[in-house]
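Undergrad: fold the following for me, if possible:
(chains A and B)
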Amino acid sequence: MTKQTTLAIEDSSHVETATVPNIRRRSAPAIERVNWPATTVLVLCAVTVLLPLYVTVSMAFKTQGQAVDGNAFSFPAPFSLDGFIQAWTLTNFPVGAAMSLLVTAGTVLATIVLAAFASYAIVRNWERRLFRYSFFYLLGAMFIPFPVVALPQIQLTGRLGLDNPFGVILLATMFQLSFSVLLFTAFLRSIPMELEESARIDGATTWQTFWKLIFPLLAPMSATVGIFAFLYAWNDFMMPSLIISDPALQTLPVRQNLFQTQFSNNYHVSFASYLMAMAPAIVAYLFTQRWVMAGVTQGAVKG
Amino acid sequence: MSSISTPTTSGQSRQRPRSRRRVEPIFYFFLVPSLILFTLAITIPGIIGIFFSFTNSIGIGDWEFIGLTNYIAIFSDPAILQSYLFTFGFSIVTVIAVNVIAFLLAVGLTARIRMKSALRTIFVIPMVVSGIIIAYVFNFLFSNSLPEVGAAAGIPWLESSLLANPDLAWIAIVLVTAWQAVPGALLIYIAGLVAVPGDVYEAAEIDGASKFQQLLKITLPLVAGYVVINIILGFKGFLNAYDIIVGLTNGGPGTSTRSIAMTVIAGFNGGDYAYQMANATIFFVVAILISLLQLSLTRGRNAL
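TA: Here you go, the predicted model:
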């Protein structure tokens, strides 16, 4: 039993290492010439990538006087937290952050649980038509761009009292479902039946088998599915801006349009506000890189 | 134990002994909530939208069937034709730019370089940043910093904001969209390049092929499947362009950078609900056609 478990886990980690290239490259001959020209070019490209983020950070810490002097690339001198203090109250940051957190947590949880449930049912009953067709039905959302169904969704959520963060959770989860079911089903097919059968012999019900055996085995996939749901829900502008009707309940990205209409010259305030809205996603990414990178490759190859 | 060594075998073959048994009710409990919510959230709105595209509804109140009138009107509506032209043109340019940049970066990142993992971490960051917010940041750079650079360098067309120029604003949109879309394509290319066996290059080296010849004659053909995937995934994504354009130009100047998605959404406030639903239906058909193209091109490429 335990040996089989480790085998299954090894198989899952194999899926991930295949997308992390440097491990394989390191097995090349020990004395390698370092390609310095390529390194230099790539470092310069990396600077281009970081430039807008540097401007965001440096502008956020400037005083109002320095922010309007026109030089976006200068260091903040002196360092000032004035931008953050003003942005905090102007955008009502605590409420916006709470809404973003609610939408993101709800979407992540609902996506992982619903997709894992559905995928398990589909894979274990693949020979039944209902379950097989359900798989293709749920995958259908990959072919439907949100703008196509947006107008009727705005109307329906309005009529059902879901023109709030909960409506966004529902819709965002449903759009994340196809990608997530695709990843989960591919992974579940690689889990040997013998594992489950030994749990059954020990007297476990399907419900217990799912939570005690299958769901823990799914953990690496859940991490990938979860981080993608997180990035989508935290960063999205289009859906919350259309579905949530009360501006007081808006998420952080939508609140930033305040600086396009009013306060448009308080650059240190707007950039402090942008930074506070962007930073959680970047921090989350830095801690979960391997699952982000694995998810992109697997999603593309299996889709 | 033998079945464990081939874990990719699909589950159904092992289940045959159980297949005549009734499905355990708990499996319906696992599946049905997703089916119901999915139907409510996506299928029903889709059907409602297609239904109303054949009416003259303005979103509320009375309506009547008007057949294909909306569809006929769309094909002679310059605003909608312009949005399709802009969206497709922008998508094609962006797809080319993203794939060239991502491929070259991937070649560099799989070469023998220093700081490999740190560089890869940095190159993926744009993917995790909110599109609308980074568009606001670039908006500031395009409106304030770039004109200063242009004035200092004496380049006349750069002295005023790119975003205010109806002929050039699309370039800014391509730049920011590419900035954000390169990481996804890059990771897929890295996976493809790593899968190319090293001895192929050694053999080419012995035969006297230059690095450039190796890139063109070995690397590119071997990752062709990944190029197809990246082009189609990218194109599908760019056709939905919304957030970044809203943050940069909001469709302007005038309506020169209005995407299809923006035109459809404008129907919600503009009172031409049914008309824009017909537009959305056409957009849906376009999306389906591209997806079918994707399936036909990637089928049989399971070796990836």
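
Undergrad: which stretches of the stretch 101-250 of chain A form helices?
TA: Along the stretch 101-250 of chain A, the segments classed as helices by DSSP state H, counting those that start in this stretch run A:129-139, A:146-159, A:165-188, A:193-201, A:206-209, A:215-217, A:219-235, A:238-243.

Undergrad: redo those as JSON lines? Include distance to chain B, mean neighbour count and mean pLDDT.
TA: Just so you know, the C-beta spots here come from the backbone N, C-alpha and C atoms, and that holds for glycine as well. Below are those laid out as JSON lines (distance: least, Cβ to the nearest Cβ, whole Å; neighbours: other Cβ atoms under 10 Å in any protein chain shown; pLDDT from 0 to 100):
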{"stretch": "helix A:129-139", "distance to chain B": "6", "mean neighbour count": "16", "mean pLDDT": "93"}
{"stretch": "helix A:146-159", "distance to chain B": "4", "mean neighbour count": "22", "mean pLDDT": "91"}
{"stretch": "helix A:165-188", "distance to chain B": "4", "mean neighbour count": "24", "mean pLDDT": "94"}
{"stretch": "helix A:193-201", "distance to chain B": "4", "mean neighbour count": "15", "mean pLDDT": "86"}
{"stretch": "helix A:206-209", "distance to chain B": "5", "mean neighbour count": "16", "mean pLDDT": "91"}
{"stretch": "helix A:215-217", "distance to chain B": "12", "mean neighbour count": "15", "mean pLDDT": "93"}
{"stretch": "helix A:219-235", "distance to chain B": "4", "mean neighbour count": "23", "mean pLDDT": "93"}
{"stretch": "helix A:238-243", "distance to chain B": "5", "mean neighbour count": "23", "mean pLDDT": "94"}
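
Undergrad: make a markdown table out of those helices and add distance to B:Thr55.
TA: Formatted as a markdown table, those follow (distance: least, Cβ to Cβ, whole Å):
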| stretch | distance to B:Thr55 |
| --- | --- |
| helix A:129-139 | 27 |
| helix A:146-159 | 13 |
| helix A:165-188 | 24 |
| helix A:193-201 | 52 |
| helix A:206-209 | 47 |
| helix A:215-217 | 47 |
| helix A:219-235 | 33 |
| helix A:238-243 | 22 |
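
Undergrad: these: which one's closest to B:Val137?
TA: Smallest distance to B:Val137 across those (Cβ to Cβ): 13.6 Å, for helix A:219-235.

Undergrad: tell me which other helices or strands the helix ranked longest in chain B touches.
TA: In chain B, with assignment by DSSP state H, the single longest helix is helix B:78-109. Helix B:78-109 sits against helix A:36-60, helix B:116-124, helix B:169-194, helix B:224-239, helix B:260-270, with contacts defined as 3 or more Cβ pairs under 8 Å, 6 or more residues apart in numbering or on different chains; DSSP states H and E.

Undergrad: same question for the fourth one: list its buried residues.
TA: Neighbour counts over helix B:224-239 (16 or more other Cβ atoms under 10 Å in any protein chain shown) mark B:225-239 as buried.

Undergrad: now the next helix-or-strand element following that helix, how far from the chain's geometric center?
TA: Tracing the chain past helix B:224-239, the next element assigned as helix or strand by DSSP states H and E is helix B:243-248. How far helix B:243-248 lies from its chain's middle: 15 Å, per Cα atoms, centre = their mean, to the nearest Å.

Undergrad: and helix B:243-248, C-alpha only, in CSV?
TA: Extracted in CSV, the C-alpha atoms of helix B:243-248 (Å, rounded to 0.1, in the frame of the first residue of the first chain):
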residue,chain,number,x,y,z
ASP,B,243,-8.7,44.9,-19.9
ILE,B,244,-5.4,46.2,-21.4
ILE,B,245,-7.2,48.3,-24.0
VAL,B,246,-9.6,49.8,-21.4
GLY,B,247,-6.5,50.8,-19.3
LEU,B,248,-4.5,52.2,-22.2
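
Undergrad: name the helix or strand for B:Ala203, please.
TA: helix B:198-206.

Undergrad: which residues sit against that helix?
TA: With contact meaning Cβ atoms under 8 Å, 6 or more residues apart in numbering or on different chains, helix B:198-206 is reached by A:Ala28, B:Gln213, B:Gln214, B:Lys217, B:Ile218, B:Leu222.

Undergrad: please check those residues and keep the buried ones.
TA: Of these, these count as buried by 16+ other Cβ under 10 Å: B:Gln214, B:Ile218.

Undergrad: among the contacts of helix B:198-206, which ones are in helices?
TA: B:Gln213, B:Gln214, B:Leu222.

Undergrad: near chain A too, which of those?
TA: Residues of the ones in helices among the contacts of helix B:198-206 in contact with chain A (Cβ under 8 Å from any Cβ of the partner chain): none.

Undergrad: could you dump the residues you listed to JSON lines with pLDDT and distance to A:Arg159?
TA: Shown next, in JSON lines, are the ones in helices among the contacts of helix B:198-206 (pLDDT from 0 to 100; distance: Cβ to Cβ, whole Å):
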{"residue": "B:Gln213", "pLDDT": "86", "distance to A:Arg159": "64"}
{"residue": "B:Gln214", "pLDDT": "85", "distance to A:Arg159": "61"}
{"residue": "B:Leu222", "pLDDT": "85", "distance to A:Arg159": "54"}
